[in-house]
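Engineer: how would this look folded up:
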Amino acid sequence: MFRLLGILITVLYAIATAVVVWPQFFHLEHTYPIAQLVSVRGAVTAGFLGVALLFALLLFARPLRGFAASMLIVSLLGALAGGAIGVTRGFGADSLPQKTESSVRVMTWNTAGEAVSADAIAAEVLAQEADIVALPETSEAVGERIAIALREQGHPMWVHHVQYRPEIANGPQAWQTTILISPDLGDYSVIESSADGSSNTGSVPSAVAMPVDGTGPTVVAVHAVAPRAEDMPRWRSDLAWIADQCPGGNVILAGDFNATVDHMAGFGVDGGDMGACRDVATRTGNGMVGTWPAELPELVGVPIDHVMTSDAWTPSGSIVLDDAGGSDHRALVAQLEPAGD
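Structural biologist: Numbers count the residues shown, from 1 in each chain. As a prediction, this is how the structure comes out:
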């Protein structure tokens with residue numbers, strides 16, 4: 001009886017391990033609470049190692065030896081699979097290549113309202129030589145202060161902005177998203193459907209900025225709702241909308257996706273992760289580096305802030321900044337080269 005029970009528990013544990021390690025195979029990556037578990041791959045892999053250690057110790061108890069051995073093997077397989085996925089995505093590259101005349105640097109930073117000062121954001125933008133900056137939860141007024149500080153340092157940028165329910169004074173900062181774009185990329189304008197919310201993410205706004213003369217990349221500053229239990233349908237809808245913004249062509253997505261690349265299975269086309277856009281961090285050695293929450297070590301946190309591009313661009317590097325400056329998100333910076341250069 002005990003042996004049969006042990007076999008049953010081991011089989012169920014093996015199934016649970018497979019679901020947590022690769023929920024995409026079972027089409028469960030958007031299902032609560034699997035979506036939340038797969039987002040913390042580093043912690044889950046460490047958990048498998050902890051369980052493996054426990055059952056390794058139980059090997060010394062003769063009546064439990066067979067059961068402990070089978071559970072140990074499953075745990076080690078889970079840890080190995082998690083580690084292998086981590087290796088392919090990257091545990092952290094800490095520098096960008098030298099910027100060239102054709103390079104474009106994209107920075108995304110959810111600043112948690114005014115948790116990070118305009119001067120601090122401007123200093124980081126200047127230090128990183130960013131040409132495009134996506135700032136979810138940053139107001140237009142803060143964006144203007146950043147632009148003024150940058151202009152005084154010889155690094156001018158235009159400010160673009162989307163806000164939900166502007167008629168409500170002192171509304172949540174999460175209702176605002178700001179983009180800074182270098183004039184070297186040309187003149188840009190936020191499209192009307194993005195500004196009025198008729199085509200946008202549902203609860204918190206994204207901003208779609210297009211070049212006025214039709215040349216240059218379409219820039220989408222992304223902010224999707226967090227996948228809380230009550231918001232799962234809205235979260236899935238937001239991810240679908242984001243994927244639709246990259247049908248191909250010349251597109252750069254940057255912002256707080258509130259999703260890891262695991263959650264993007266099913267949203268990619270033609271080899272992309274979201275629509276035709278591909279995640280830069282996973283292709284430049286930073287795919288496992290957590291950007292949220294900033295108080296946790298990077299390899300335990302969740303990589304939910306992304307820069308993604310269509311095949312008009314080739315990623316040459318990325319970094320996640322250590323100092324969150326008071327925000328609960330770390331900033332991500334990516335360097336892009338025009339495809340074919």
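Engineer: next one: Cys153 relative to Val142, how far apart?
Structural biologist: For the record, residue 153 is Gln, not Cys. Gln153 sits 17 Å away from Val142, going by CB to CB, to the nearest Å. Where you see a C-beta, it was placed from the backbone N, CA and C, and this is true even at glycine.
Engineer: neighbour-wise, which of those two wins?
Structural biologist: Neighbour totals were compared for Gln153 and Val142, and Val142 leads with 23 against 12 (other CB atoms under 10 Å).
Engineer: which residue packs closest to that one, ignoring adjacent ones?
Structural biologist: Spatial nearest neighbour of Val142, chain neighbours left out: Ala118 (5.1 Å); criterion: CB to CB, 6 or more residues apart in numbering.
Engineer: count the residues that sit near the nearest residue to Leu185 once chain neighbours are set aside.
Structural biologist: Distance criterion CB to CB, 6+ apart; nearest residue to Leu185, sequence neighbours excluded, is Gly216 at 5.3 Å. For Gly216, the count of nearby residues is 20 (other CB under 10 Å).
Engineer: show me the domain layout of this structure.
Structural biologist: 2-89, 104-338 (automatic domain parsing).
Engineer: before we move on, back to that, three-state assignment of the residue nearest to Leu185?
Structural biologist: Assigned state for Gly216: coil (three-state reduction, DSSP: H, G, I helix; E, B strand; the rest coil).
Engineer: would you agree it is in contact with Pro183?
Structural biologist: No - here Gly216 lies out of contact with Pro183, judged by CB atoms under 8 Å, at a distance of 11.3 Å.
Engineer: the strands in the stretch 151-300 of the chain, which residues?
Structural biologist: 158-163, 176-181, 188-190, 207-211, 218-223, 251-256, 278-279 (DSSP state E, counting those that start in this stretch).
Engineer: buried stuff in the lowest-mean-pLDDT helix or strand in the chain?
Structural biologist: Ranked by mean pLDDT, DSSP states H and E, the helix or strand of the chain with the weakest confidence is helix 192-195, at a mean of 87. Of the residues in helix 192-195, Ser194, Ala195 count as buried by neighbour count, 16 or more other CB atoms under 10 Å.
Engineer: outside of that helix, which residues touch it?
Structural biologist: Contacts to helix 192-195, defined as CB atoms under 8 Å, 6 or more residues apart in numbering, come from residues Val162, Ser198, Ser199, Asn200, Pro205, Ser206, Ala207, Val208, Ala209.
Engineer: turn the strands of the stretch 151-300 of the chain into JSON lines, columns for mean neighbour count, distance to Thr309 and mean pLDDT.
Structural biologist: Below are the strands of the stretch 151-300 of the chain laid out as JSON lines (neighbours: other CB atoms under 10 Å; distance: least, CB to CB, whole Å; pLDDT from 0 to 100):
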{"stretch": "strand 158-163", "mean neighbour count": "22", "distance to Thr309": "19", "mean pLDDT": "96"}
{"stretch": "strand 176-181", "mean neighbour count": "28", "distance to Thr309": "15", "mean pLDDT": "97"}
{"stretch": "strand 188-190", "mean neighbour count": "18", "distance to Thr309": "17", "mean pLDDT": "96"}
{"stretch": "strand 207-211", "mean neighbour count": "22", "distance to Thr309": "15", "mean pLDDT": "96"}
{"stretch": "strand 218-223", "mean neighbour count": "26", "distance to Thr309": "11", "mean pLDDT": "98"}
{"stretch": "strand 251-256", "mean neighbour count": "28", "distance to Thr309": "5", "mean pLDDT": "98"}
{"stretch": "strand 278-279", "mean neighbour count": "25", "distance to Thr309": "6", "mean pLDDT": "98"}
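Engineer: out of those strands, which gets nearest to Ser103?
Structural biologist: strand 251-256 (13.1 Å; CB to CB).
Engineer: what is that closest one packed up against?
Structural biologist: Strand 251-256 makes packing contacts with strand 104-108, strand 132-136, strand 218-223, strand 305-309 when contacts are defined by 3 or more CB pairs under 8 Å, 6 or more residues apart in numbering; DSSP states H and E.
Engineer: CA atoms of that strand as CSV?
Structural biologist: Taking Å, rounded to 0.1, in the frame of the first residue of the first chain, the C-alpha atoms of strand 251-256 are listed here in CSV:
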residue,chain,number,x,y,z
VAL,A,251,9.0,48.6,-34.4
ILE,A,252,10.6,49.0,-31.0
LEU,A,253,8.6,47.9,-27.9
ALA,A,254,9.9,49.0,-24.5
GLY,A,255,8.4,49.1,-21.0
ASP,A,256,6.8,47.2,-18.1
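Engineer: got a list of what Ile146 touches?
Structural biologist: The neighbours of Ile146, taking CB under 8 Å, 6+ apart as the test, are Ala118, Ile121, Ala122, Val125, Val133, Met157, Val159, Leu180.
Engineer: which one of the helices and strands packed on strand 251-256 is the most hemmed in?
Structural biologist: Among these, strand 132-136 has the highest mean neighbour count (mean count of other CB atoms under 10 Å), at a mean of 31.
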